[in-house]
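> pasting the sequence and the predicted model now:
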Amino acid sequence: MGGKVLIVDDSEMIRNFHSYILKSIGLEIITALDGADALEKIYGTDGELLICLTDINMPNMDGYTLIERLREDSNYEDLPIIIISTEEELQDKQRGFEC
């Protein structure tokens with residue numbers, strides 16, 4: 001296997017956890033502290049990402065905004081995104097689907 005995965009979370013422990021698992025199956029990992037950091041790091045990958053795992057509640061740019069920005073970019077508009085969050089409210093889940 002191979003390919004790049006973007007992991008976005010303000011928790012270093014969560015980033016490391018997901019990175020460890022995904023590296024073990026041969027994936028290249030790009031980590032970011034928040035949405036703004038993620039956008040800086042992926043511009044230049046020319047749509048080479050396989051998938052994005054993102055938290056929702058982060059400083060500077062939250063996960064919802066990150067997803068909206070990715071969907072606006074033709075390189076990433078079809079990128080599979082998994083939201084990893086402890087948010088349980090129905091409105092949070094609905095907003096995630098709408099992004």
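Thanks, I have it.

> quick one: the strands in the chain?
4-8, 28-32, 49-54, 81-83 (DSSP state E).

> point out the most buried one among these.
strand 4-8 (a mean of 23; mean count of other Cβ atoms under 10 Å). Yep, even glycine has a C-beta here, placed from its N, CA and C like the rest.

> distance from the chain centre to that one, please.
The chain centre lies 6 Å from the centre of strand 4-8; the measure is Cα atoms, centre = their mean, to the nearest Å.

> same thing with stretch 22-35?
For stretch 22-35, the distance to the chain centre is 9 Å (Cα atoms, centre = their mean).

> what comes into contact with that stretch?
1-10, 15, 18-19, 38, 40-42, 45, 49-50, 54, 58-63, 65-66, 69 (Cβ atoms under 8 Å, 6 or more residues apart in numbering).

> now these: which count as buried?
Burial by neighbour count, 16 or more other Cβ atoms under 10 Å: within the contacts of stretch 22-35 this picks out 5-10, 15, 18-19, 38, 42, 49, 54, 58, 61-63, 65-66, 69.
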